[in-house]
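Peer 1: All I have is the shape, not the residue letters:
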């Protein structure tokens, strides 16, 4: 597995699903993107990984 896949696997334990409107945390509750919540650090890390991965493909 690549480093990105490993990171997504670990972060997926905290954030079950992400969409444009928000995300579902490991507690089963939905949260809006940009709103404070218990999983904000995990979502920010996922966004940074996605951004860096996109930049490396260009």
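Peer 2: Good, I have the coordinates. This structure is a prediction, so every number in the text was calculated from the model and none was measured. Numbers count the residues shown, from 1 in each chain.
Peer 1: Spell out the secondary structure type for residue 16.
Peer 2: strand (DSSP: H, G, I helix; E, B strand; the rest coil).
Peer 1: ok, now residue 23?
Peer 2: Per three-state DSSP, residue 23 ends up strand.
Peer 1: For it, give me the pLDDT.
Peer 2: If you check residue 23, the pLDDT there is 94.
Peer 1: distance of the spatially closest residue to it that is not a sequence neighbour from residue 39?
Peer 2: Of all residues not flanking residue 23 in the chain, residue 15 sits nearest, at 5.3 Å (CB to CB, 6 or more residues apart in numbering). C-beta here means a position set from N, CA and C on the backbone, and glycine is covered the same way. Residue 15 sits 5 Å away from residue 39, going by CB to CB, to the nearest Å.
Peer 1: and for the two, which residues touch both?
Peer 2: Common neighbours of residue 15 and residue 39, using CB atoms under 8 Å, 6 or more residues apart in numbering, are 23, 25-26.
Peer 1: could you flag which of those residues are buried?
Peer 2: For these, a burial check counting by 16 or more other CB atoms under 10 Å picks out 23, 25.
Peer 1: what's the closest of the shared contacts of residue 15 and residue 39 to residue 50?
Peer 2: Proximity to residue 50 was ranked across these by CB to CB; first place goes to residue 23, at 12.9 Å.
Peer 1: Need the shared contacts of residue 15 and residue 39 in TSV (columns: distance to residue 50).
Peer 2: Output for these, formatted as TSV (distance: CB to CB, whole Å):
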residue	distance to residue 50
23	13
25	18
26	19
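Peer 1: and the top helix by length along the chain, which residues are buried?
Peer 2: Selection of the longest helix in the chain by residue count, based on DSSP state H, yields helix 40-57. Buried residues in helix 40-57, counted by 16+ other CB under 10 Å: 40, 42-43, 45-46.
Peer 1: same question, stretch 27-38
Peer 2: 31, 37.
Peer 1: contacts for it?
Peer 2: 16, 18, 20-25, 39, 43.
Peer 1: Now the buried members of the residues you listed.
Peer 2: Buried among those (16+ other CB under 10 Å): 18, 22-23, 25, 39, 43.
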